[in-house]
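**Student:** I need the structure of the sequence given here:
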Amino acid sequence: MAGLYIHIPFCESRCIYCGFYSTTSLKLRDDYTDALCQEMQMRPAKAALGSNETIETIYLGGGTPSQLNGSHLNQIFSAIRKNYTLAENMEITMECNPDDVTGDFCETLKQLPINRISMGAQTFCNERLRFLHRRHNAGEVEEAVTRLRNIGIRNISIDLMFGFPEESLSQWMSDIRHAIQLDVEHISAYSLMYEEGTPLYHMLKQGKISEIDEETSRKMYETLIDQLTGAGYEHYEISNFARPGFRSRHNSSYWHEVPYIGIGAAAHSYNRKQRSWNIENIQTYIRSIGDGILPSESEQLDIFTRYNDLITTALRTSDGINLMKMEQEFGKELADRLLQEAQSHISRGLMKIKNGRLSLTREGLYISDDVMSDFMII
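**Tutor:** Numbering: from 1, shown residues only. Predicted coordinates:
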């Protein structure tokens, strides 16, 4: 089984925190859609993955995929069906902005095989939404969920952010309560990041805003875990929570070494032996695909790179690392090294071994980056 990721880089406007590759040149949508479909033809499963893997999950990410119209989306799914073998009972996700989920958009969705929607709510405070330069307002999130329910979408995820400048714990609690009241199946929550090159980063460096302190950030994360698990959500990955049976199957593939094909500008692909990535320039991408050339670079993955990848992905999840499988794939020497390194963290209460799996404890989650770095092979 494998996943298929399709990058849709179009945004009506840029949010101040976003470090993902995107563009506001909406006039390129037709040409870009044509290029996506042509790349699928140029990158069949056999060539991309080394075998004719069946596609089990599809994810349209961005950018803002909901900036495409019905014609674009139908063209993309027609190309998917033409070029890939698809599994039954697939998970097919599309990212949307809440304000894009209009009545007309829902009519388009009804004609498509999409069965999971992921929306960037971020916060239910209109002042903070304006600060982020988000297009929607808080009320539009609830309206979008209602519209999606009315057309039969039974798998909805929302993104939240915490750690805004001067945000209080009580304000964060209010956002969490709003999210729980929406009764969506999946919630992803991230601390506000100041990525170099973004307008938010420049504001920080210019002294216009200040990061919240580490203690407050930790309390916000603790509150998130307590409130969502108390409401019946499973904390299955550092930043992700799901109702039972509603984990993100596509994103889980990234954390559990499942191969995937990435289509579009800046998209990445992985087949356990090799990682490849397309150029981060939409016009060069379109031109190159039109010339019959994949605008892609790649690297071969040696056993140590794969080991490091395992550490930084599997340890993010509540499932952790399957120790028996790890020894079978990486050999006894690396497996013994892993266990030896883990002992000090286990004794400090940061890690645990249960049912043959090594994973972080709740205490370890708070300093996960530090714990993982101790295992890395440089």
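**Student:** residue ranges for the strands of the stretch 1-150 of the chain, please.
**Tutor:** 2-8, 55-62, 86-96, 116-122 (DSSP state E, counting those that start in this stretch).
**Student:** In the stretch 151-300 of the chain, what residue spans correspond to strands?
**Tutor:** 156-162, 186-191, 234-237, 240-242, 260-263, 268-270, 274-278, 296-300.
**Student:** By mean pLDDT, flag the weakest helix or strand of the chain.
**Tutor:** Taking mean pLDDT, DSSP states H and E as the measure, the helices and strands of the chain show their lowest mean at helix 45-49, namely a mean of 87.
**Student:** Show residues contacting that helix.
**Tutor:** A2, S51, N52, E53, I55, Y84, T85, P259, I261, S269, N271 (C-beta atoms under 8 Å, 6 or more residues apart in numbering). Any C-beta I mention is one placed from the backbone N, CA and C, and that applies to glycine too.
**Student:** Identify the spatial nearest neighbour of the second one, chain neighbours not counted.
**Tutor:** Right, the one you point to is S51. Counting by C-beta to C-beta, 6 or more residues apart in numbering, A45 is the residue found nearest to S51 once chain neighbours are left out, at 7.2 Å.
**Student:** if I look at that neighbour, how far off is L182?
**Tutor:** Taking C-beta to C-beta, to the nearest Å as the measure, A45 and L182 are separated by 37 Å.
**Student:** These two: which is more packed in?
**Tutor:** Counted by other C-beta atoms under 10 Å, A45 and L182 do not tie: A45 has more neighbours, with 20 against 17.
**Student:** What distance do you get for the more buried one to S298?
**Tutor:** 16 Å.
**Student:** now do M351
**Tutor:** M351 sits at a distance of 33 Å from S298 (criterion: C-beta to C-beta).
**Student:** Who has more neighbours out of those two?
**Tutor:** M351 (21 against 12).
**Student:** OK, contacts around that one?
**Tutor:** Under the criterion of C-beta under 8 Å, 6+ apart, the neighbours of M351 are A342, H345, L358, S359, L360, T361, G364, V371.
**Student:** For it, list each beta-bridge partner.
**Tutor:** Taking DSSP bridges as the rule, M351 bridges to L360.
**Student:** per-residue confidence at it?
**Tutor:** As predicted, M351 sits at a pLDDT of 98.
**Student:** measure it to R362 for me?
**Tutor:** Here M351 is placed at a distance of 11 Å from R362 (C-beta to C-beta).
**Student:** Ok, D369 next?
**Tutor:** As it turns out, when the distance is counted by C-beta to C-beta, D369 lies 16 Å from R362.
**Student:** Please say which of these two ends up with more neighbours.
**Tutor:** The residue with the greater number of neighbours, taking D369 and R362 and applying other C-beta under 10 Å, is R362; the counts read 13 against 9.
**Student:** Please report the number of neighbouring residues for the closest residue in space to that one that isn't next to it in sequence.
**Tutor:** Nearest in space to R362, with sequence neighbours left out and distances taken as C-beta to C-beta, 6+ apart, is I225 at 7.1 Å. When counting by other C-beta under 10 Å, one arrives at 16 neighbours for I225.
**Student:** Give the full set of residues in contact with the spatially most central residue of the chain.
**Tutor:** Ranked by distance to the mean C-alpha position of the chain (C-alpha atoms, centre = their mean), the top residue is N251 at 5.9 Å. Taking C-beta under 8 Å, 6+ apart, we find N251 in contact with Y59, E237, N240.
**Student:** Counting neighbours, what do you get for the closest residue to the last one other than its chain neighbours?
**Tutor:** So the one you mean is N240. In this structure, N240 finds its nearest non-sequential neighbour in S188, 5.1 Å apart by C-beta to C-beta, 6+ apart. S188 has 19 neighbours, counted by other C-beta under 10 Å.
**Student:** same question, Q122
**Tutor:** By the measure other C-beta under 10 Å, the count of residues near Q122 is 26.
**Student:** roughly how far apart are the closest residue to it other than its chain neighbours and E195?
**Tutor:** If you skip the residues right next to it in sequence, Q122 has M161 as its closest partner in space, 4.7 Å away by C-beta to C-beta, 6+ apart. With distances taken as C-beta to C-beta, M161 is found 13 Å from E195.
**Student:** So for those two, which residue has more residues nearby?
**Tutor:** When neighbours are counted by other C-beta under 10 Å, M161 comes out ahead of the other of M161 and E195, with 21 against 11.
**Student:** Next, the contact list for that one, please.
**Tutor:** Y17, Q122, T123, L132, A189, Y190, S191, L192.
**Student:** repeat for Y233
**Tutor:** Under the criterion of C-beta under 8 Å, 6+ apart, the contact list for Y233 reads I187, F241, A242, R243.
**Student:** Between those residues, which sits nearest N322?
**Tutor:** Using C-beta to C-beta, A242 is the member of the contacts of Y233 that lies nearest N322, at 20.3 Å.
**Student:** Need the distance between the two termini of stretch 276-290.
**Tutor:** One end of stretch 276-290 to the other measures 20 Å (C-alpha to C-alpha, to the nearest Å).
**Student:** So what's the residue count around E39?
**Tutor:** Every residue meeting other C-beta under 10 Å relative to E39 is counted, giving 25.
**Student:** returning to that earlier point: buried ones in the least confident helix or strand of the chain?
**Tutor:** A45, A48, L49 (16 or more other C-beta atoms under 10 Å).
**Student:** what's the distance between the second one and M42?
**Tutor:** Same thing as A48. 10 Å.
**Student:** picking that back up, which of the contacts of M351 are buried? Put it as a ChimeraX command.
**Tutor:** Applying 16+ other C-beta under 10 Å to the contacts of M351, the buried members can be selected in ChimeraX as follows:
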select :342,345,358,359,360,364,371
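**Student:** how about low-confidence regions in the chain?
**Tutor:** In the predicted model of the chain, no residue satisfies pLDDT under 70.
**Student:** 80 - rerun?
**Tutor:** Residue ranges of the chain with pLDDT under 80: 19-21.
**Student:** How far off centre is the helix or strand harbouring I346?
**Tutor:** Secondary-structure element containing I346, defined by DSSP states H and E: helix 332-347. For helix 332-347, the distance from its own C-alpha centre to the chain's C-alpha centre is 29 Å (C-alpha atoms, centre = their mean, to the nearest Å).
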